[in-house]
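Enquirer: Dropping a prediction and its sequence here:
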Amino acid sequence: MIANGYNIGTLTNDNSGNAKWGFAVKNGVEYFVKQFLSPVYPSRSAGLSPVQIEQKTKICKDFEYKKRSFYNKLNHCITGNIVTVCDFFRHENRYYMITEKVGAVKLDPAHIAQMNFEQKMLIIKVLLYNVTALHNEGIVHGDLKPTNILFQRTAANMYTAKLIDFDSSFLEEDPPKDESELQGDTVYLAPESFLFMAEEEAKLTCKIDVFALGILIHQYLTGEVPYFDRSKYNYAFEAALDGARITANLVIPEKLRELILSMLNKDPDERPSCAKVFNEIMAMYGPKLNVQSQIVPHVQTESVVNGEPTLQSEPTLQPGPSDYPTSEPTTAPSSIYPTPSTDPNGFFRQVTKL
């Protein structure tokens, strides 16, 4: 099938409940393609009444506007390890999203736990850095789990992490309105996410990603999720909601262990920001590179065509801060992205250069 200039191959819905996915070629370049199963743009030949066509068209237009606005935000996160969106369009009655095709190495938490400590911490630092970049744009990933994190070898023969799959993501300023809009793997689900799904009052913020990261980091270090009473609970969020004790493997250094457990606090307001977690880990195990927890203002590059936003892949970045304090900053910076003066050892330039 040819759509918007892409030669799209066979699509599958394996491990993807609300979409089909596959690969496409355009101008000799291979891409990853996702076809959304809903909404479906109404066709006048489908026997719908004018009122039904109008209602379904509005749903589609709202979906399109929301997706384009979100993808523009996502494309401001140019860390090199976040898979951003190349194209988004409707072909006939279906919507499609295009990203780069990532050549990845398959690694699960059990494999990572067998690596040396330096390699494990590198993966954790890169993951935290990239999630912080999302949070600084007000983006909640919403479904952080092993299958949504790809791994690649760097030029230095180390593994680095790359974030994918933003189907469950949302803007913190525009969270899901009802439980049907929120998805997530129960292993990594935050307590407030479960409450929201159960139609109870809960505020959904970037802190749901912090809870998931606490579990992921523990898995990457030990191969296991944090400990809780398995005779009573199947998942960490259940133990947290019940006020039950959650502990970490004693093989993890004490300060790092305490940090992980703080990420699993029942109260999202008591969890540290992703930026704070990153900064504390960098203070323990890495060069002094500090990222900020506030949403970063940027020059708006979104264009509007026929009343609809269009994707702009290149944001305008302000100069980075001249130094990085060890404590979490209280004023909004101009950028989170490292510069030669703030990253003298080239740590993040190394890990993102593939």
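Expert: Happy to help now that I have it.
Enquirer: going forward, measure contacts between C-alpha atoms and count neighbours the same way
Expert: Fine.
Enquirer: Can you mark which positions in the helix ranked longest in the chain are buried?
Expert: Counting residues, the longest helix found in the chain (DSSP state H) is helix 50-74. Buried residues in helix 50-74, counting neighbours by 16 or more other Cα atoms under 10 Å, are found at 53, 56-57, 59-60, 64, 66-74.
Enquirer: Same question for stretch 258-268.
Expert: Judged by neighbour count using 16+ other Cα under 10 Å, the buried positions of stretch 258-268 are 259, 260, 261, 262, 263, 264, 265, 266, 268.
Enquirer: Confirm the fourth one sits in a helix?
Expert: Yes - under DSSP: H, G, I helix; E, B strand; the rest coil, residue 262 sits within a helix.
Enquirer: For it, give its distance to residue 94.
Expert: According to Cα to Cα, to the nearest Å, residue 262 and residue 94 sit 43 Å apart.
Enquirer: what do you get for the third one?
Expert: To residue 94, residue 261 is 43 Å away according to Cα to Cα.
Enquirer: go on, the last one?
Expert: Between residue 268 and residue 94 the distance, using Cα to Cα, works out to 37 Å.
Enquirer: Next: the fifth one.
Expert: When distance is defined by Cα to Cα, residue 263 is 39 Å away from residue 94.
Enquirer: low-scoring pLDDT stretches of the stretch 1-150 of the chain, where are they?
Expert: Low-confidence segments of the stretch 1-150 of the chain (pLDDT under 70): 15-17.
Enquirer: Show me where it has its helices.
Expert: Along the stretch 1-150 of the chain, the segments classed as helices by DSSP state H, counting those that start in this stretch run 50-74, 109-113, 117-136.
Enquirer: isn't residue 120 right up against residue 222?
Expert: No - between residue 120 and residue 222 there is no contact under Cα atoms under 8 Å: 10.0 Å.
Enquirer: shared neighbours of the two, anything?
Expert: Counting by Cα atoms under 8 Å, 6 or more residues apart in numbering, the shared contacts of residue 120 and residue 222 are residue 113.
Enquirer: Which strand or helix spans residue 160?
Expert: strand 159-163 (DSSP states H and E).
Enquirer: and that strand, what other elements does it pack with?
Expert: For strand 159-163, the elements it packs on are helix 117-136, strand 149-153, judged by 3 or more Cα pairs under 8 Å, 6 or more residues apart in numbering; DSSP states H and E.
Enquirer: So, low pLDDT: which residues of the stretch 201-350 of the chain?
Expert: In the stretch 201-350 of the chain, residues with pLDDT under 70: 287-350.
Enquirer: mind redoing it with 90?
Expert: 201, 285-350 (pLDDT under 90).
Enquirer: ok, which stretches of it are helices?
Expert: 207-222, 236-241, 254-263, 274-285, 347-352.
Enquirer: Turn these into a markdown table, including distance to residue 81.
Expert: Below are those laid out as a markdown table (distance: least, Cα to Cα, whole Å):
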| stretch | distance to residue 81 |
| --- | --- |
| helix 207-222 | 16 |
| helix 236-241 | 28 |
| helix 254-263 | 23 |
| helix 274-285 | 16 |
| helix 347-352 | 6 |
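Enquirer: hey, which of those helices is tucked in deepest?
Expert: Looking across the helices of the stretch 201-350 of the chain with neighbours counted as mean count of other Cα atoms under 10 Å, the highest average goes to helix 207-222: a mean of 24.
Enquirer: just to revisit the earlier point, kindly reformat the helices of the stretch 1-150 of the chain as a markdown table containing distance to residue 215.
Expert: Shown next, in a markdown table, are the helices of the stretch 1-150 of the chain (distance: least, Cα to Cα, whole Å):
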| stretch | distance to residue 215 |
| --- | --- |
| helix 50-74 | 24 |
| helix 109-113 | 11 |
| helix 117-136 | 12 |
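Enquirer: quick one on the thing from earlier: for the helix or strand just after the strand holding residue 160, packing partners?
Expert: Once strand 159-163 ends, the next helix or strand along the chain (criterion: DSSP H and E) is strand 170-171. Contact here means 3+ Cα pairs under 8 Å, 6+ apart; on that basis strand 170-171 packs against strand 139-140.
Enquirer: Before I go, just wanted to say thanks for your time.
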